[in-house]
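S.K.: My questions are about this predicted structure, shown below with the sequence.
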Amino acid sequence: MAKAKPTKTRTPKRPRVAPKSQAPLPGLEPAVTNGAAGNGAATSRAQLSSLIKSSRDIMRKDAGLNGDLDRLPQLSWIIFLKCFDDLEERRETEAVMAGETYKPVIPRGYRWRDWAADPDKGRTGPDLITFVNDELLPKLRELSGSDERQVITEVFRETFNRMLSGYLLRDVVNLMGGVNFNSSDDIHTLSHLYESMLKEMRDAAGDSGEFYTPRPVVRFIVDRTAPKLGEKVLDPAAGTGGFLVETYAYLEKQQKTAADRRALQTRTLYGVEKKPMPYLLGVMNMLLHGVEYPHLSEHNALSTNIRQIRDDERVDVVATNPPFGGEEERGILNNFPDGMRTAETAILFFQYVMALLKRPGGRCGIVLPNGFLFGNSVAAIVKKQLLTRFNLHTIVRLPNGAFSPYTSIPTNLLFFEACDVNALDNDQPCTREVWYYELPLPERRSSYSKTKPLQYEEFADCIAWWDNRIENEHAWKVPVEQLLVNECNLDMKNPNSKKDFEHLPPEQLVKIITAKELRILEIMGEIEHMLARKEE
């Protein structure tokens with residue numbers, strides 16, 4: 001392969017960054033302070049936007065990158081190293097002021113300041129590519145010792161440099177050197193820009209986009225599960241960390257002491273993600289939103305034997321959107337009891353969540369497809385356990401296209417709490433009744449789309465109804481006895497619906513009929529798939 005030639009690309013002049021303050025961060029001050037307070041010059045949103053755009057434009061010129069699915073992970077690990085070096089510099093300053101010695105997480109020679117910080121004398125061209133590929137990334141993959149080193153090892157275990165030109169890589173590194181991660185303004189702005197890039201990546205991902213959940217859904221689930229400081233919150237299918245980031249923002253408002261902040265940072269938020277790319281993006285997303293110690297683990301949560309979960313491993317809150325429609329390998333199924341094994345990923349995740357909640361009081365908000373509600377066989381057994389051992393108090397039925405255009409499968413939000421089964425009289429089920437709330441589409445809309453997605457404000461009526469429940473056009477309740485005698489079918493239709501199809505415009509009727517036909521075809525496809533598996 002011919003050597004990459006120097007490019008004529010010129011990067012914009014780096015924003016001037018003021019020297020970092022030597023003052024320690026007292027009491028309740030946030031992890032980063034505003035640039036105006038003397039901890040580094042904040043960069044304007046326009047400047048940061050320009051830095052990101054210029055970086056992406058440069059990466060488009062590199063033959064090793066193909067589309068946003070390559071460019072965003074590449075940019076993420078570069079941002080990660082700059083962000084982490086700024087974090088370590090701040091910790092070093094705090095240690096010096098406290099008369100302590102700070103041991104860096106990333107060894108000398110491999111920190112951003114050692115190889116990337118000098119835009120004029122730093123490594124570049126083939127020398128930079130050789131250093132990154134043969135020294136830097138292998139070193140980061142073999143770190144051991146502290147929990148933070150383990151996180152870095154997991155981040156870079158399957159992270160690779162895909163850029164072929166060391167000159168273009170140098171240009172991107174120089175641009176990212178202009179971001180000040182000790183400025184709360186910079187981090188806040190960059191976190192929003194990063195989320196917009198995640199959304200673009202979702203749009204480009206096609207079938208790979210299963211690890212994204214619409215932010216309004218995430219925010220609603222976190223708000224309704226209402227985590228508290230001191231509780232342990234888990235997302236076992238964390239993807240890019242949306243539920244954990246939203247939970248962090250929710251709990252930040254509850255901080256009152258330095259101890260509260262330490263608890264939130266170090267022993268509150270936990271996540272598991274199976275795939276390397278969303279794992280990297282998730283760690284970066286959490287760092288950018290202020291989580292300095294991301295307890296995000298890269299493995300398959302279903303590799304845990306649910307019969308061997310200890311009490312000290314259980315959690316207070318689970319907020320998640322598990323993958324559905326997929327299948328797990330046979331070895332994973334051995335982690336579930338006989339008679340409870342199925343290839344359907346969503347049902348396995350649901351069993352895992354039920355086994356992991358603290359008893360009593362553990363609570364969960366989870367996204368599930370319609371198929372789970374009316375499913376039989378293993379699904380029916382799982383739902384019977386749900387109704388008898390847990391309090392399934394609410395099912396929110398989302399409108400058509402809530403996850404559009406990434407999936408057309410109708411989805412529901414289930415909210416339940418673990419009961420003290422020993423306190424139940426005469427083997428009564430823990431659930432007494434299930435409340436349903438059917439979220440309506442906005443007026444004159446038959447579905448959502450990429451350009452007109454679901455908005456958080458559309459949950460306002462449901463939130464107002466939540467603590468003062470009465471039956472209405474959108475809400476109804478079903479006694480648990482009715483569900484149990486009906487083979488635990490939770491797919492209950494709204495008896496109070498006032499839809500008047502006779503007076504709908506013809507074009508809207510066509511859309512409704514088409515949607516129903518597509519759903520019928522989808523169900524038939526699922527049945528054919530199930531029959532084919534049985535024949536195997």
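M.R.: Great, that's in hand. Residues are numbered from 1 along each chain as shown.

S.K.: any idea which residue sits dead centre in this protein?
M.R.: residue 241 (2.6 Å; CA atoms, centre = their mean).

S.K.: where in the chain is pLDDT low?
M.R.: Applying pLDDT under 70 to the chain picks out residues 1-45, 183-192, 199, 201-212, 326, 405-406, 426, 498-509, 511-512, 533-536.

S.K.: Tell me the gap between stretch 279-293 and the middle of its chain.
M.R.: Computed by CA atoms, centre = their mean, to the nearest Å, the chain-centroid distance of stretch 279-293 equals 10 Å.

S.K.: Likewise for stretch 51-62?
M.R.: 26 Å.

S.K.: Which positions within that stretch qualify as buried?
M.R.: 51, 52, 54, 55, 56, 58, 59, 62 (16 or more other CB atoms under 10 Å). C-beta here means a position set from N, CA and C on the backbone, and glycine is covered the same way.

S.K.: Extract the C-alpha trace of it and format it as PDB.
M.R.: Output of stretch 51-62 as PDB, limited to C-alpha atoms (Å, rounded to 0.1, in the frame of the first residue of the first chain):
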ATOM      1  CA  LEU A  51     -14.900  22.200  15.400                       C
ATOM      2  CA  ILE A  52     -17.100  19.100  15.200                       C
ATOM      3  CA  LYS A  53     -18.100  19.900  11.600                       C
ATOM      4  CA  SER A  54     -14.500  20.500  10.500                       C
ATOM      5  CA  SER A  55     -13.400  17.300  12.100                       C
ATOM      6  CA  ARG A  56     -16.100  15.300  10.300                       C
ATOM      7  CA  ASP A  57     -15.300  17.100   7.000                       C
ATOM      8  CA  ILE A  58     -11.600  16.000   7.500                       C
ATOM      9  CA  MET A  59     -12.600  12.400   8.200                       C
ATOM     10  CA  ARG A  60     -14.700  12.300   5.100                       C
ATOM     11  CA  LYS A  61     -11.400  12.700   3.100                       C
ATOM     12  CA  ASP A  62      -9.800   9.600   4.700                       C
END
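
S.K.: I'd say residue 435 and residue 393 touch.
M.R.: Yes: using CB atoms under 8 Å, residue 435 makes contact with residue 393 at a distance of 6.3 Å.

S.K.: Show me where the stretch 401-536 of the chain has its strands.
M.R.: Along the stretch 401-536 of the chain, the stretches classed as strands by DSSP state E, counting those that start in this stretch are 411-418, 433-438, 475-479.

S.K.: Now do the second one against strand 411-418: the angle between them, please.
M.R.: Angle between the axes of strand 433-438 and strand 411-418 is 150 degrees (criterion: axes from the mean of the first three to the mean of the last three CA atoms, to 10 degrees).

S.K.: sorry, back to before: can you lay out the buried residues of stretch 51-62 as a markdown table showing distance to residue 348 and secondary structure?
M.R.: Below are these laid out as a markdown table (distance: CB to CB, whole Å; DSSP: H, G, I helix; E, B strand; the rest coil):
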| residue | distance to residue 348 | secondary structure |
| --- | --- | --- |
| 51 | 43 | helix |
| 52 | 38 | helix |
| 54 | 44 | helix |
| 55 | 40 | helix |
| 56 | 38 | helix |
| 58 | 43 | helix |
| 59 | 38 | helix |
| 62 | 40 | coil |
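
S.K.: Turn those residues into a markdown table, columns for distance to residue 489.
M.R.: Output for the buried residues of stretch 51-62, formatted as a markdown table (distance: CB to CB, whole Å):
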| residue | distance to residue 489 |
| --- | --- |
| 51 | 54 |
| 52 | 49 |
| 54 | 55 |
| 55 | 52 |
| 56 | 49 |
| 58 | 55 |
| 59 | 51 |
| 62 | 54 |
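
S.K.: circling back to that earlier point, reformat the strands of the stretch 401-536 of the chain as JSON lines; add mean neighbour count and distance to residue 486.
M.R.: Below are these laid out as JSON lines (neighbours: other CB atoms under 10 Å; distance: least, CB to CB, whole Å):
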{"stretch": "strand 411-418", "mean neighbour count": "22", "distance to residue 486": "17"}
{"stretch": "strand 433-438", "mean neighbour count": "20", "distance to residue 486": "12"}
{"stretch": "strand 475-479", "mean neighbour count": "16", "distance to residue 486": "9"}
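
S.K.: between those, which gets nearest to residue 369?
M.R.: Counting by CB to CB, residue 369 lies closest to strand 411-418 out of the strands of the stretch 401-536 of the chain; the figure is 5.8 Å.

S.K.: quick one: strands adjacent to that closest one?
M.R.: Neighbouring strands of strand 411-418 in its sheet, by DSSP bridges, are strand 363-369 (antiparallel), strand 390-397 (antiparallel).

S.K.: Give me the contact list for the shortest one.
M.R.: It stands for strand 363-369. 213, 217, 221-222, 224-225, 316-322, 324-325, 346, 350, 353, 357, 409-418 (CB atoms under 8 Å, 6 or more residues apart in numbering).

S.K.: quick check, distance from it to the centre of its chain.
M.R.: 14 Å.

S.K.: Now the element after it, going C-ward?
M.R.: The helix or strand immediately downstream of strand 363-369 is helix 370-374, counting by DSSP states H and E.
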